[in-house]
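Engineer: following is a predicted model, sequence given first.
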Amino acid sequence: MDDEVVSETPVQASGSVDSEKEKLRQKMSRIPNRICLTSDVWTSSTTEGYICLTAHFVDENWRLKVFSITLDNASANDNMQNILKTYLRKQNSLLCDGEYFHVRCSAHILNLIVQEGLKVAAGALFKIRESVKYVKASDGRMMKFKDCVQQAEIKEGVGLKSDVPTRWNSTYMMLESAIKFEKAFDILSVVDGAYKDCPTNEEWSLAKKMCEFLEPFYETTNLISGSSYPTSNLYFMQVWKIECLLEDNQTCDDVVIMNMAFRMKMKFDKYWKDYSTVLAFGAILDPRLKLKFLRFCYKKLDPSTFELKANEVLEKFKRLYGEYINTFGGSTISQSSNQSPMSPEEGRLTKKSKMVMKEFREFDCETQTSKDKDELEIYLKEGLIHTNEDDLKYDVLNFLKIN
């Protein structure tokens, strides 16, 4: 990313630290708007405390930038944000009295949700993980396994992948890679007496079902973990899709998938029963979605309350918008063009996402409204932008800059 500043204060000499602080101060002074912080704190194996703080902001040219600074002496995440929030509130430095100050990491919550589902198939998962570890433990075993792959007439392609158990997406990649070598593992269990953890046919079958079920979660994890494009506008759609998927699969004919969905839905409700309001604002600021998409999603979940929920978000959005107007002043704008300012993007919509957007566009055609003179009302009531490409990673910042 542009203009990245890294300062490791415990290691650098005093003069160097002062120089880095001054460079950091100068960069911060040029930011024309507010910043968002992402933070993590942890304790090392030697009981030393660490904190990593990342600041996200949009510069004067409407480019997303990131700088990082690593400090020491951290407490727990919640305690840290409470202390910082209290300090900033005393200075009247927070919008809406800090109501939207604390946002939980969506990727981390999604990891907790999926990890809960993986417990249903812990036995099969353990055997596959141990099988991969066994093969990759030495060059000799890798050569023996390669012979088994040839006997099984498997086109190698991507090889076996190890996982980090605390990172569910790496576990998904491990399962996906190992499944392709099922026959080779079966042959290895015959020719290598030291190999003891070969999964049974039933366990392989279970792994395949898990991979198919978890694929949308893997795609969402990759999408919301992106660092080269804004992700806040993607949050609402992705959380909604996950909730719909879990609801649907709680009545699945397959007992294992049903149990996974049930456990995951319980964890989902713990963290996401009420969607993050400030991240829902991101969908409103996406010219392809706006408030209409929130209404569309809420209606799919509960037709009796969708207007109420959407209006609650809108009122909070108007309050936040009003605070910005009071702080920075407002200006009249002309109707924005329906031309789609696109930048080259890598990712395409999945089949499920395409269906969602098709249904939403039909919903939009049924709910067209008249335009108003207020700047916010102009934006909310004018027609949605329909992109020519199936890009989910639409350049929202470029649209806002132009308009």
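Structural biologist: Received, thanks. Residues are numbered from 1 along each chain as shown.

Engineer: excluding its backbone neighbours, what's nearest Asn61?
Structural biologist: Using Cβ to Cβ, 6 or more residues apart in numbering and skipping the chain neighbours, the partner closest in space to Asn61 is Lys401 (8.0 Å). From N, CA and C alone the C-beta is placed, and that goes for glycine too.

Engineer: list the buried residues of the helix or strand where the one you found lies.
Structural biologist: Using DSSP states H and E, Lys401 sits within helix 396-402. Judged by neighbour count (16 or more other Cβ atoms under 10 Å), helix 396-402 contains these buried residues: Val396, Leu397, Phe399, Leu400.

Engineer: who are the contact partners of the last one?
Structural biologist: Spelled out, that is Leu400. Trp62, Leu285 (Cβ atoms under 8 Å, 6 or more residues apart in numbering).

Engineer: numbering from 375 from now on, please.
Structural biologist: Got it, the first residue is 375 from now on, which makes the last one we talked about Leu774.

Engineer: against Phe610, how distant is it?
Structural biologist: For Leu774, the distance to Phe610 equals 17 Å [Cβ to Cβ, to the nearest Å].

Engineer: what's the answer for the first one, then?
Structural biologist: From Val770 over to Phe610 the distance is 13 Å, taken as Cβ to Cβ.

Engineer: got it, and the third one?
Structural biologist: Using Cβ to Cβ, one gets 17 Å for the distance from Phe773 to Phe610.

Engineer: the second one too?
Structural biologist: Taking Cβ to Cβ as the measure, Leu771 and Phe610 are separated by 18 Å.

Engineer: can you list the domains in this protein?
Structural biologist: 388-476, 486-590, 648-707+721-776 (automatic domain parsing).

Engineer: avg pLDDT for the first one?
Structural biologist: Model confidence over domain 388-476 averages 73 on the pLDDT scale.

Engineer: next: the longest one.
Structural biologist: Average pLDDT, domain 648-707+721-776: 79.

Engineer: same thing with stretch 558-572?
Structural biologist: 96.

Engineer: touching that stretch from outside, list them.
Structural biologist: Applying Cβ under 8 Å, 6+ apart, the external contacts of stretch 558-572 come out as 500-501, 504-505, 508-509, 515, 518-519, 522-523, 525-526, 528, 552, 573.

Engineer: between the residues you listed, which is nearest Ser403?
Structural biologist: Ser403 lies nearest to Ala552 out of the contacts of stretch 558-572, by Cβ to Cβ, at 51.9 Å.

Engineer: residues in contact with that closest one?
Structural biologist: Ile502, Ser505, Val506, Leu534, Lys535, Phe559, Ala581.

Engineer: same question, Ala654
Structural biologist: Tyr609, Phe610, Leu668, Val687.

Engineer: by neighbours, which of those residues wins?
Structural biologist: Most neighbours among these, by other Cβ atoms under 10 Å: Leu668, with 25 neighbours.

Engineer: how much space between that residue and Thr651?
Structural biologist: Distance of Leu668 to Thr651, given as Cβ to Cβ: 11 Å.

Engineer: please enumerate the shared neighbours of the two.
Structural biologist: Joint contacts of Leu668 and Thr651 (Cβ under 8 Å, 6+ apart) are Val687.

Engineer: that older thread, starting at the chain centroid, how far to the helix holding Lys775?
Structural biologist: In terms of Cα atoms, centre = their mean, to the nearest Å, the centre of helix 770-776 is set 21 Å apart from its chain centre.

Engineer: and stretch 680-695, by the same measure?
Structural biologist: On Cα atoms, centre = their mean, the centre of stretch 680-695 falls 23 Å from the chain's centre.

Engineer: could you check that stretch and say which residues are buried?
Structural biologist: So stretch 680-695, judged by 16+ other Cβ under 10 Å, has buried residues Phe680, Lys683, Ala684, Val687, Leu688, Lys690, Phe691, Leu694, Tyr695.

Engineer: in a strand, Thr412, correct?
Structural biologist: Yes - counting by DSSP: H, G, I helix; E, B strand; the rest coil, Thr412 is part of a strand.

Engineer: wait, doesn't it sit right on Ile425?
Structural biologist: No - with contacts counted by Cβ atoms under 8 Å, Thr412 stays clear of Ile425, the gap being 11.5 Å.

Engineer: more neighbours: which of these two?
Structural biologist: The neighbour count for Thr412 versus Ile425, taken as other Cβ under 10 Å, is higher for Ile425 (17 against 13).

Engineer: just checking: what are the partner strands of the helix or strand encompassing that one?
Structural biologist: Taking DSSP H and E as the criterion, Ile425 maps to strand 423-432. Strand 423-432 has the following strand partners under DSSP bridges: strand 410-417 (antiparallel), strand 438-446 (antiparallel).

Engineer: buried ones in the shortest one?
Structural biologist: Looking back up the chat, that one is strand 410-417. Judged by neighbour count using 16+ other Cβ under 10 Å, the buried positions of strand 410-417 are Ser413, Val415.

Engineer: now find how far off-centre that strand is within its chain.
Structural biologist: With Cα atoms, centre = their mean, you get 16 Å for strand 410-417.

Engineer: name the residues that touch that strand?
Structural biologist: Residues contacting strand 410-417 (Cβ under 8 Å, 6+ apart): 423-431, 448-451, 454-455, 477, 479.
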